[in-house]
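using only what follows, build the 3D model:
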Amino acid sequence: MAETLPPPALAVVEVASIARGLVVADAVVKRAAVRLLRADPVTPGKYVLVFVGSVAEVEEALDAGREAAGSEHIDVLLLSEAHRAIVPALEGVEPPPIDGSLGVLEMRTVAATLLACEKALKAADVTLVALHLARGIGGKGYFVFTGSQDSVEASLEAGDGAVAAELRAGREIIAHPHPDVDWALTRL
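The predicted model follows:
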């Protein structure tokens, strides 16, 4: 019988300075055995790090990131058991096709986006079809998921409710998406 590994821990550190962001990236990977999924300058002059590993390693690296960021930190997040669809989506794995209704949630920070995504995916039987973080959209993030109408509605509620109102930017449902929407999502 194959051993099932636990879901990875995932963390985000958003920094207000690109220069400080590079220092934070260095501190994170020097402190613990984590894998950087993202370490990018993004509009409007922020730096975003997303990294994964075991819970203990990610917690240690996150502590180093907070220390290095100092007063320049914007937001941080720790998901101790990230939903299994999030890491492949961040790595650019081909998304599954749309199957049913679509839900879309848009947030003002990367950390808020990943928290909402985590809660939405765990709330009901839905499938993540797109996840876009920060680059080219003013530092915001959004994700798209598909499933039955009632599952999508439940996931929208859970994801939106997980984030403070001031961090929410958009929430939509498409009950019967046109087939070309699949094509549009693959071009994100």
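
and the helices in this structure?
In the chain, helices defined by DSSP state H lie at 18-31, 55-69, 86-90, 110-123, 149-161, 180-186, listed in chain order.

which of these has the lowest mean pLDDT?
Sorting the helices of the chain by mean pLDDT places helix 180-186 lowest, at a mean of 69.

in the sheet, who's paired with Met76?
In this structure residue 76 is Val, not Met. Val13 (DSSP bridges).

can you list contacts of stretch 119-128?
Contacts of stretch 119-128 from elsewhere in the structure, counted by C-beta atoms under 8 Å, 6 or more residues apart in numbering, are 83, 85-86, 89, 95-96, 99, 103, 105, 117, 143-148, 150-152, 154-159, 161-162. Where you see a C-beta, it was placed from the backbone N, CA and C, and this is true even at glycine.

one more pass at 10 Å, please.
79, 81-86, 88-89, 95-103, 105, 117, 143-148, 150-163 (C-beta atoms under 10 Å, 6 or more residues apart in numbering).

mind pulling up the pLDDT for Ser101?
According to the model, Ser101 carries a pLDDT of 94.

wait, it touches Glu153, no?
Yes. In terms of C-beta atoms under 10 Å, Ser101 counts as a neighbour of Glu153; the distance is 8.1 Å.

who are the neighbours in contact with Glu81?
By C-beta under 10 Å, 6+ apart, the contact set of Glu81 is 6-10, 55, 118, 122.
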